[in-house]
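Colleague: Here is my input, please return the structure:
(one chain, ligands or ions: 1)
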Amino acid sequence: MRVLVVEDEPLLAAQLRDALSAAGYAVDVADNGKDAHFSGEVEPYDAIVLDLGLPIIDGLTVLRRWRAAGRNMPVLILTARDAWHEKVAGIDAGADDYLTKPFHMEELLARVRALIRRAAGQASAEIACGPLVLDTRRGRVTVDGNPVTLTSHEYRLLAYLMHRPGQIVSRTELTEHLYAQDFDRDSNTIEVFIARLRRKLPPELIETVRGLGYRLACRT
Ligand code: CA
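Modeller: You can find the predicted model right below:
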């Protein structure tokens, strides 16, 4: 899963990037509305955390432009304290959720998880696929109740597939959702991660669909 953080306060931006990275997301950061608007237009983010008070173009305008252009990724807005009208304007502009500053990082992480789950049509914090269970709250994976140790990249790849059970996901799509913008991307590494996951999980779980990509086969 890949998240864009739009925040012009350097300390808060760094805290958000660190917390989201630790939670297993690939994270890009923009510190002004112009860069944020561009990134949100061209990159396929799974969620965006958007501060409303931004240099160059304000957050509300950025959000309106994304929605007017048909960009429908989940957006969580950050609003100033005592500015209830910002929440109303933000929700009317197409925000999916909001948090008022200052906020607890745990709450932000929970809201981002919920937005990503809902966008994938998953209501529960635990996603199951046959014997495989992904606990999105703890970032843990079990098979038949036994914990499986995954690296952050393996976890990110598996979490992306588990939010889309039964769907064919191409290597390009996986690459776009697994790595941050400045990461040196190589779609061949996806094959390496898939091979490693197959060794750690029931091997028939991740199917290769020749020429198209991969699919998580969930049989109960
Ligand atoms: Ca700000």
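Colleague: just checking, what packs against the longest helix along the chain?
Modeller: Looking across the chain with DSSP state H, the single longest helix is helix 105-119. Under the contact definition 3 or more Cβ pairs under 8 Å, 6 or more residues apart in numbering; DSSP states H and E, helix 105-119 sits against helix 10-22, strand 47-51, strand 75-79, strand 97-100. No exception for glycine: its C-beta is placed from N, CA and C like everyone else's.
Colleague: right, so of these, which gets closest to residue 28?
Modeller: Between residue 28 and the helices and strands packed on helix 105-119, the shortest separation by Cβ to Cβ is 8.7 Å, and it involves helix 10-22.
Colleague: same for that closest one, what does it pack against?
Modeller: Under the contact definition 3+ Cβ pairs under 8 Å, 6+ apart, helix 10-22 sits against strand 2-6, strand 26-30, helix 105-119.
Colleague: let's see 10 Å
Modeller: Applying 3 or more Cβ pairs under 10 Å, 6 or more residues apart in numbering; DSSP states H and E, one finds that helix 10-22 contacts strand 2-6, strand 26-30, strand 47-51, helix 105-119.
Colleague: returning to what we had before: same list, the helices and strands packed on helix 105-119, but as TSV with distance to the ion, mean neighbour count and mean pLDDT please.
Modeller: Shown next, in TSV, are these (distance: least, Cβ to the ion, whole Å; neighbours: other Cβ atoms under 10 Å; pLDDT from 0 to 100):
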stretch	distance to the ion	mean neighbour count	mean pLDDT
helix 10-22	8	16	97
strand 47-51	4	27	98
strand 75-79	8	24	97
strand 97-100	13	18	96
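Colleague: Can you list the residue ranges for strands in this structure?
Modeller: 2-6, 26-30, 47-51, 75-79, 97-100, 126-129, 132-135, 140-143, 146-148, 168-169, 206-209, 213-216 (DSSP state E).
Colleague: Quick one: end-to-end distance for stretch 191-209.
Modeller: End-to-end distance of stretch 191-209 (Cα to Cα, to the nearest Å): 13 Å.
Colleague: Identify the residue of this structure closest to the ion, quick one.
Modeller: residue 53 (3.6 Å; Cβ to the ion).
Colleague: residues touching that residue, list them.
Modeller: Going by Cβ atoms under 10 Å, 6 or more residues apart in numbering, residue 53 touches 7-9, 33, 59-60, 78-80, 83, 86, 101.
Colleague: Next up, the contacts around the residue of the chain positioned farthest from its centre.
Modeller: Going by Cα atoms, centre = their mean, the residue of the chain most distant from its centre is residue 82, 28.6 Å out. Residues near residue 82 by Cβ under 10 Å, 6+ apart: residue 100.
Colleague: hmm, back to that, do you know which of the helices and strands packed on helix 105-119 lies nearest residue 115?
Modeller: So among those, strand 47-51 is nearest, using Cβ to Cβ, at 5.2 Å.
Colleague: separation between residue 153 and residue 85?
Modeller: The gap separating residue 153 from residue 85 is 42 Å, by Cβ to Cβ, to the nearest Å.
Colleague: out of these two, which sits in the busier spot?
Modeller: Neighbours around residue 153 and residue 85, counted as other Cβ atoms under 10 Å, are more numerous at residue 153. The numbers are 18 against 9.
Colleague: Wait, the more buried one touches residue 192, no?
Modeller: Yes. Assessed by Cβ atoms under 10 Å, residue 153 is found in contact with residue 192 at 9.3 Å.
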